[in-house]
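Novice: Give me coordinates for this.
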Amino acid sequence: MYASAHIVHLFMAILFVGTVFFEVLILETIRHRVSRDALREVESAVGQRARQIMPFVILLLFGSGLVMAYYHGPTLTNSWSSGFALQLGLKILLAFSVLAHFLTAMTWMVRRTMTSSRSRFIHYSVFSHVIVIVFLAKSMYYFG
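Specialist: Take a look at the predicted model:
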């Protein structure tokens, strides 16, 4: 079960992190190179597609993460016991922060209170979170 959860988690993380990187590193950088109307159309299409698949991606990402966390339960009960446990605990904390960002963004969209500055803040905040999460996902096996 752990191996299956690990593979699902990896693919969903690639999809989620890739989407965040695309939105921040690609879409944000072309903002001044294309017309406002063209950018709105692209952002609308990308956003619509992301809203269709991201709930499913996040559900699988967190579901598989919870399965893996169950297997690491004894390690997580004393998160100061090792570098691995500390980094895994921090990674989980950051993942829940990303989930809170996602839920906040969805709430703002449903209420139609999402502004461009809020969207930019959410994107950059999630971007910084996922950079640290990816680093921790790898470093906890080397510095654990």
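Novice: When you work out contacts or count neighbours from here on, use the C-alpha atoms and nothing else.
Specialist: OK.
Novice: Buried residues, the lowest-mean-pLDDT helix or strand in the chain. List them.
Specialist: One helix or strand of the chain scores below all others by mean pLDDT, DSSP states H and E: helix 73-76, with a mean of 83. The neighbour-count check on helix 73-76 (16 or more other CA atoms under 10 Å) flags 75, 76 as buried.
Novice: Just give me the neighbour total for residue 6.
Specialist: Neighbourhood size, residue 6 [other CA atoms under 10 Å]: 16.
Novice: er, residue 58 I mean
Specialist: 19.
Novice: tell me how far stretch 123-135 is from the chain's mean position?
Specialist: Distance, stretch centre to chain centre, for stretch 123-135: 7 Å (CA atoms, centre = their mean, to the nearest Å).
Novice: buried sites along the top helix by length along the chain?
Specialist: The single longest helix within the chain, with elements called by DSSP state H, is helix 36-71. Buried residues in helix 36-71, counted by 16+ other CA under 10 Å: 39, 54, 57-58, 60-62, 64-69.
Novice: hmm, back to that, by contact count, what packs against the least confident helix or strand of the chain?
Specialist: helix 83-110 (3 or more CA pairs under 8 Å, 6 or more residues apart in numbering; DSSP states H and E).
Novice: Report the rounded mean pLDDT for the helix it packs on.
Specialist: Helix 83-110 comes out with an average pLDDT of 93.
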